[in-house]
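In: Turn this into a structure:
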Amino acid sequence: MSKKPLKRGSINVLRSFRGVEVPGLAFDATDHHVIFGKGEHICFVNDQKSVTYAEFLSHTAAIAGGMRTLGLTRESVNLNLANQWERLSVLVALLRLGLVPNEDSAVVFSDEPAQLHLPTDIIDLVTIIQIGRVDPEPAPATPDEHLLEQLTPQDRQWVSTLLAGETITTG
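Out: Got it, this is the predicted structure:
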């Protein structure tokens, strides 16, 4: 595995995996840890759940695959999710699609239960995950470090924690 550095201080690191260049936040935050043997390390923990990097990769790739299947490949999405696990999961799924949350979007993820509100339909997160498990979304093969700057401070902190291979702990 070779590393080719980008500009000094860049968070995004370009890696070669099986001869294919794989850049990106989603890859660095999830796939990288699983590929390099840290899949069983805990990436998220709260009072109700503890999730490994391998589980998180599978989960977020399924959400992104479901969103892609529903046609949300260029849509911005408002993450109106108070549940921190669901917000983090959808956030990383958006990064897998090369997107970031946008509170002005007409497409909204909301709580109780987590649902995606489209202009013509409402689809719950469980259904999106089931749809996406058939064809999960791979990490994008384009540099996307600029997306980190567009995140809220809390979302940026979460992604930075994942990039470092550490655990996100919430209440």
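In: For the nearest residue to residue 59 once chain neighbours are set aside, give me the pLDDT.
Out: Using Cβ to Cβ, 6 or more residues apart in numbering and skipping the chain neighbours, the partner closest in space to residue 59 is residue 89 (5.9 Å). C-beta: built from backbone N, CA, C; applies to glycine. pLDDT for residue 89: 97.
In: what residues are up against residue 89?
Out: Shown in contact with residue 89 (Cβ atoms under 8 Å, 6 or more residues apart in numbering): 56, 59-60, 63.
In: Low-confidence stretches in the protein?
Out: For the chain, residues meeting the criterion pLDDT under 70 lie at 1-23.
In: State which helix of it is the longest.
Out: Secondary structure of the chain read by DSSP state H shows that its longest helix is helix 53-69.
In: Could I get the buried residue list for that helix?
Out: Within helix 53-69, the residues that count as buried by 16 or more other Cβ atoms under 10 Å are 53-68.
In: which residues touch it?
Out: Residues contacting helix 53-69 (Cβ under 8 Å, 6+ apart): 26, 30-31, 33-34, 38-44, 51, 73, 77, 89-90, 92-94, 96-97, 116, 125, 127-138, 165.
In: For the buried ones among these, write the corresponding ChimeraX selection.
Out: Selection of buried members from those for ChimeraX, criterion 16+ other Cβ under 10 Å:
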select :26,30,31,33,34,39,43,44,51,77,89,90,92,93,94,96,97,116,125,128,129,131,132,136,137
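In: strands paired with the helix or strand hosting residue 123, and their directions?
Out: Using DSSP states H and E, residue 123 maps to strand 122-124. Applying DSSP bridges, strand 122-124 is found paired with strand 115-117 (antiparallel).
In: Determine how far the partner strand lies from the middle of the whole chain.
Out: On the basis of Cα atoms, centre = their mean, to the nearest Å, strand 115-117 sits 17 Å off its chain's mean C-alpha point.
In: Use 838 as the first number for this chain going forward.
Out: Understood, numbering begins at 838; the last thing we discussed is strand 952-954.
In: Show me where this protein has its helices.
Out: Using DSSP H, helices in the chain cover 862-863, 869-872, 890-906, 921-933, 962-971, 983-986, 990-1000.
In: Distance from the longest one to the middle of the chain?
Out: To tie it back to what came earlier, the one meant is helix 890-906. Counting by Cα atoms, centre = their mean, helix 890-906 comes out at 8 Å from the chain centroid.
In: Sweet, I'm off.
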